[in-house]
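Participant: Sharing a model prediction with you, sequence too.
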Amino acid sequence: ATPMALLVGTGRGARAGLLIKGPEVLETSRTLDTVLLDKTGTLTTGVMTVRDVVAADGVDRDELLSRAGSVEHSFTHPVARAISAAASGRVDAHCIKDVSGLGVTGMVDGTTVLVGRPALLEQQSVAVPHQLVDELRRLENDGATAVLVAWEGSARGVIAVADTVRPTSADAVRRLRSLGLHPVLLTGDNAGAAARVAAEVGIEQVIAGVLPEDKVTAVRELQEQGHAVAMVGDGVNDAPALAQADLGIAMGGGTDAAIEAGDITVASSDPLAVADAIRLSRSTLRVIK
Ligand code: ADP
Ligand code: MG
C-alpha cells in the first residue's frame, strides 16, 4: 500500500469528523457483513427523562425519588442522571457502589438503598411485591427502561425512564444495510425498551438484557460463526466489545473507555457518520489498490 493514499483517506476522514487510529483499520472495512449497535447513547441521545414513578402501598412517592436520587447523584449513567434530575430533597449517601451493569447501591439515612434492574435485587436477596412485578412488566412492555428501588429487604417502587432516538438513526440503519451490513441492536436494557427503539430505527434483530461482559461474548459468537463484525458504542460497558470487534466505532460524545477501545471515533456522535466511516474506509482502500 502506498502511504500517500492512506494519508488521503485519513485526511478525508478528519474532514468528516472521523478519527481513524491507523491504516490497518481500513483493511477490515471491506469484509464486514454485520454491525452491532448499542442502544443508549448510540442510537438514542443518551439523555433520559423520568416518565413514571410507581410507589408501593404505604410508600411516599417523593421519598422514593429522593432516596433513589441520593444514591444516583454521583453517577453519569443516563439512568442515574434522569433519576437525580427528577429527585428533590437529596440527602447524603455513603458507601456508594456501582454494581456493574445492574444498578447502584448506597446508604441513605442508615439503610441500604438499591436502584437497578430486577437481577440486582435477586442478587442481594431482596423481595419484590407482586404489585411491583406487574408494574415493572407493564412499563417495560410499554418501551420504558424501568428500575426498581428497594430498602430494608423489599422493593419500594419502580421508576421508569425513557430515552429519545437520534433523528438520523433510522437513516443511518438504512445506509448501513445498503453497504451490505446486517444491523443488530445490542443492549443491556430490557427487551421492551429495546424493541421500541429497534422498531423506530428499522432493526429486526435484537439482543437485549445483556450484562456488560456479555456484550463481548455476543461479538465473539458472531465471529465464530464466520461473520466480520463492526461494533458501534459509547459506554464503559461497550469498551470490551469495541476492542473485540473487527472494527470498533466509538461515539465521540461517549466515555473515554469506549474511545480508547475503538478503531474509529465519530466526533459528531451522529449515526450517519458511522455509515460514512465504513463507506470512506472502503473507498480509500480502492484508491490504494
Ligand atoms: P446499555 O447497553 O443500553 O448501554 P447498560 O448496560 O449501561 O445499558 O445498562 C443496562 C441496564 O442496567 C439499564 O437499562 C438499567 O436497567 C440498569 N442500570 C445501569 N446503570 C444503572 C444505574 N446507575 N441506576 C439504575 N439502573 C442502572
Ligand atoms: Mg450506550
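Facilitator: Sure thing, it's come through. Ligands and ions are numbered 1, 2, ... in the order given.

Participant: All the strands of the stretch 1-150 of the chain, residue numbers only.
Facilitator: 18-20, 34-38, 44-55, 93-99, 103-108, 111-116, 145-151 (DSSP state E, counting those that start in this stretch).

Participant: Mind listing what's buried along the third one?
Facilitator: In terms of neighbour count (16 or more other Cβ atoms under 10 Å), strand 44-55 has its buried residues at Thr44, Thr45, Gly46, Met48, Val50, Arg51, Val53, Val54, Ala55. C-beta: built from backbone N, CA, C; applies to glycine.

Participant: show me where the stretch 1-150 of the chain has helices.
Facilitator: Assigned by DSSP state H, counting those that start in this stretch, the helices in the stretch 1-150 of the chain fall at 3-15, 24-29, 61-72, 78-86, 118-123, 130-141.

Participant: any idea which of those is most buried?
Facilitator: Among the helices of the stretch 1-150 of the chain, ranked by average contacts under mean count of other Cβ atoms under 10 Å, first place goes to helix 61-72 (a mean of 23).

Participant: helices or strands up against it?
Facilitator: Contact partners of helix 61-72 among helices and strands, from 3 or more Cβ pairs under 8 Å, 6 or more residues apart in numbering; DSSP states H and E: strand 44-55, helix 78-86, strand 93-99, strand 103-108, strand 111-116, strand 145-151, strand 154-165.

Participant: now the helices of the stretch 1-150 of the chain in CSV, with mean pLDDT?
Facilitator: Converted to CSV, those look like this (pLDDT from 0 to 100):
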stretch, mean pLDDT
helix 3-15, 52
helix 24-29, 81
helix 61-72, 97
helix 78-86, 96
helix 118-123, 95
helix 130-141, 97
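
Participant: Go through those helices and name the closest to ligand 2.
Facilitator: helix 78-86 (7.8 Å; Cβ to the ion).

Participant: what packs against the closest one?
Facilitator: strand 44-55, helix 61-72, strand 145-151, strand 154-165.

Participant: ok and the second one relative to strand 103-108, angle-wise?
Facilitator: Angular relation of helix 61-72 and strand 103-108 on a 0 to 180 degree scale: 110 degrees, by axes from the mean of the first three to the mean of the last three Cα atoms, to 10 degrees.

Participant: can you give me the angle helix 61-72 makes with strand 44-55?
Facilitator: Using the same axes, to 10 degrees: helix 61-72 against strand 44-55 is 140 degrees.

Participant: Tell me how far Leu211 lies from Gly253.
Facilitator: 24 Å (Cβ to Cβ, to the nearest Å).

Participant: who has more neighbours, the two?
Facilitator: More crowded of Leu211 and Gly253, by other Cβ atoms under 10 Å: Gly253, with 18 against 14.

Participant: The more buried one: what's it in contact with?
Facilitator: Gly41, Gly46, Asp234, Ser269 (Cβ atoms under 8 Å, 6 or more residues apart in numbering).

Participant: from these, which single one is nearest ligand 2?
Facilitator: Of the contacts of Gly253, the one sitting nearest to ligand 2 (Cβ to the ion) turns out to be Gly41, at 3.7 Å.

Participant: I figured the closest one hits Gly235, correct?
Facilitator: Yes: with contact defined as Cβ atoms under 8 Å, Gly41 and Gly235 form a contacting pair (6.1 Å).

Participant: Between the two, which contacts overlap?
Facilitator: Gly254.

Participant: who's more crowded, the two?
Facilitator: Neighbours were counted for Gly41 and for Gly235 using other Cβ under 10 Å; Gly235 has more, 27 against 24.

Participant: Can you name the residues of the stretch 51-200 of the chain that neighbour ligand 1?
Facilitator: Within the stretch 51-200 of the chain, the positions near ligand 1 by Cβ under 6 Å from any ligand atom are 72, 75, 77, 79-80, 101-104, 115-117, 145, 147, 187-189.
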